[in-house]
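**Q** model the following, please.
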Amino acid sequence: MLNVKTHLISGLLELQPQIFNDERGLLLESYNMNDFEKAGIKDVFVQDNHSLSQKGVIRGLHFQKKHSQAKLVRAVTGKIFDVAVDLRCSSPTFGKYFSVILDSRKQNMLYIPKGFAHGSLAMEDNSILSYKCSDFYCSQSEGGVIWNDVLLSIDWPLETVFSENESPVLSRKDCMHPAFNPEQLYFDINGNWIGE
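**A** Residues are numbered from 1 along each chain as shown. Below is the predicted model of the structure:
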């Protein structure tokens, strides 16, 4: 059984699978095609990715251009602040973001359709983010938006993760992403790349 929660940004779904706990531990179905189709997720996922991050690591904001990907994201261990930014130019929520805390104790998931930039902040050490992708990784198709973009104004929970004089840890590549440009063509409403 899958509890599905919709949000103001069309297409994003927060999913809560049923968890069976007993003295041995827990069991859950992290993916069941029938349940996900009933929730409206029709994507065929072709690749699974895992990233391990220590507390304070920010990854993103990432997207792929001509090989755009829908993603199904969850924290296998630890706790992750997860962000999806709507880059579908004709969407009424273009340039808006949604965030959720993915917690391995809850095993909640976020479905992100094509046409979004995705980023995350590890809120605990040894946080593993697992995500299914609807297209294969293509290095020539990589794109991104800088994580602390002024226009997007993402409310990262930095004060709950860092003590004084600490700051986020990012890859060199993630530090070099451009700013969000509301005049730029990114994706159409179906998540197909229409930019240059």
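**Q** the worst-scoring helix or strand of the chain on mean pLDDT: partners in the sheet, and parallel or antiparallel?
**A** Least confident helix or strand, the chain: strand 25-28 with a mean of 85, by mean pLDDT, DSSP states H and E. When pairs are called by DSSP bridges, strand 25-28 turns out to pair with strand 19-22 (antiparallel).
**Q** tell me the contacts of the residue nearest the centre of the chain?
**A** For the chain, the residue sitting closest to the mean C-alpha position, by C-alpha atoms, centre = their mean, is H118 at 4.3 Å. Neighbouring residues of H118 by C-beta atoms under 8 Å, 6 or more residues apart in numbering: G60, L61, H62, F63, K71, V73, D82, V83, A84, V85, I112. No exception for glycine: its C-beta is placed from N, CA and C like everyone else's.
**Q** point me to the helix or strand that includes it.
**A** H118 belongs to strand 116-122 when elements are defined using DSSP states H and E.
**Q** any idea which helix or strand comes after that strand?
**A** Trace forward from strand 116-122 with DSSP H and E and the next one is strand 127-133.
**Q** tell me the angle that next one makes with strand 116-122.
**A** Interaxial angle of strand 127-133 relative to strand 116-122 (axes from the mean of the first three to the mean of the last three C-alpha atoms, to 10 degrees): 160 degrees.
**Q** what lines up beside strand 127-133 in the sheet?
**A** Strand 127-133 has the following sheet partners, assigned by DSSP bridges: strand 47-53 (antiparallel), strand 71-77 (antiparallel).
**Q** among those strands, which is the most enclosed?
**A** Mean neighbours per residue, mean count of other C-beta atoms under 10 Å, is largest over the strands paired with strand 127-133 for strand 71-77, with a mean of 21.
**Q** do me a favour and get the end-to-end distance for stretch 162-175?
**A** By C-alpha to C-alpha, to the nearest Å, the extent of stretch 162-175 from end to end equals 19 Å.
**Q** chain center to it: distance?
**A** Counting by C-alpha atoms, centre = their mean, to the nearest Å, stretch 162-175 is centred 19 Å from the centre of its parent chain.
**Q** buried residues in that stretch, which are they?
**A** For stretch 162-175, burial by neighbour count (16 or more other C-beta atoms under 10 Å) applies to P168, L170, D174.
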